[in-house]
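[1] sequence and predicted model, in that order:
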Amino acid sequence: MKEMETYLTYVKVMRDFLSQYDDEKQTDNMQFEDCGDQPGDYKNRGDLESDMGVRKACRFSKTLLGPCSGLEDPNYGFKQGKPCLIVKLNRIVNFRPKPPYSNDSIPEEAQHKAQAHVIPLYCTNKKEEDAGKIGEIKYYGIGEGFPLQYYPYYGKRLHPHYLQPLVALQFTNLTMNTELRIECKVFGENIYYNEKDRYQGRFDIKIQVNS
């Protein structure tokens, strides 16, 4: 926390990534449209093979990411030992992620995240011995997950201005001076996991905050 050079790389990467979400880059009504700040159903912009040409993209304002937006805190919580992460789903042309078909398909501790029109994201300790050391994780974004109105993606040629919906995580009370492993998963009827690919439908991080 006291040595800015130890987290400056992460701050710069987040700042550079989020610069494409600046409001002034989303003003053209020929390229962008408002899709609401509440979860909604898929945005059907015609078939992939139709001759409709370039499709509009949904705006996504950084303000949706709360204290992890970089607008008020340019250090994304790192300076206070409460680091933020920005999470996105990979772009897959014409993919319509489906929310979990029932709460039973989600682990019990994550079931409160399920809601209509959202792909939920849930993070927890990867190792049993880290249980109780992660503290509260706050989620920011539309519905705290990935809202369906941003799908499908039509590809670079037809959807050149497309912005993925984002979720920001903030670790507000990590146990200090301890290396922690955290795993985050998205849940959906057509989202699968593969033991050979530990980044399919999930990711994990190692994090240590020194006081």
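    Received it, and whenever you're ready, just let me know what you need.

[2] and Lys43, how many neighbours does it have?
    Burial of Lys43 is recorded as 17 neighbouring residues (other CB atoms under 10 Å). In short, each C-beta sits where N, CA and C put it, glycine included.

[3] mind listing the helices for this protein?
    Taking DSSP state H to define them, one finds helices in the chain at 8-18.

[4] can you give me the strands in it?
    Applying DSSP state E to the chain gives strands spanning 32-33, 57-58, 84-87, 118-125, 137-140, 145-147, 167-171, 180-186, 202-207.

[5] out of those strands, which gets nearest to Tyr153?
    Tyr153 lies closest to strand 57-58 among those, at 9.1 Å (CB to CB).

[6] hang on, the earlier thing: buried deepest among the strands of the chain, which one?
    strand 145-147 (a mean of 26; mean count of other CB atoms under 10 Å).

[7] still on that earlier bit, let's have the strands of the chain in CSV, adding mean pLDDT and distance to Glu24.
    Supplementary listing: the strands of the chain in CSV, determined by pLDDT from 0 to 100; distance: least, CB to CB, whole Å:
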stretch, mean pLDDT, distance to Glu24
strand 32-33, 98, 12
strand 57-58, 98, 15
strand 84-87, 97, 20
strand 118-125, 96, 28
strand 137-140, 98, 21
strand 145-147, 98, 23
strand 167-171, 98, 20
strand 180-186, 96, 30
strand 202-207, 95, 31
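
[8] of all the ones you listed, which lies closest to Tyr193?
    Across the strands of the chain, the minimum distance to Tyr193, taken as CB to CB, is reached by strand 202-207, at 6.2 Å.

[9] give the contact list for the residue in the chain sticking out farthest from the centre.
    Taking CA atoms, centre = their mean, the residue of the chain most remote from its mean C-alpha position is Asp51, at 31.6 Å. Asp51 sits next to no residue when contact means CB atoms under 8 Å, 6 or more residues apart in numbering.

[10] okay, it: pLDDT?
    pLDDT, Asp51: 78.

[11] returning to what we had before: same list (the strands of the chain) but as a markdown table, adding distance to Asp104.
    Formatted as a markdown table, those follow (distance: least, CB to CB, whole Å):
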| stretch | distance to Asp104 |
| --- | --- |
| strand 32-33 | 36 |
| strand 57-58 | 31 |
| strand 84-87 | 24 |
| strand 118-125 | 14 |
| strand 137-140 | 22 |
| strand 145-147 | 18 |
| strand 167-171 | 23 |
| strand 180-186 | 16 |
| strand 202-207 | 19 |
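
[12] what about those strands, which gets the closest to Pro99?
    Of all these, strand 118-125 sits nearest to Pro99, with 6.1 Å by CB to CB.

[13] contacts for that closest one?
    Contacts for strand 118-125 (CB under 8 Å, 6+ apart): 39, 87, 89, 97, 99-100, 106-107, 109-110, 113-114, 131, 133-134, 137, 139, 142-148, 167, 169, 180-188, 191.
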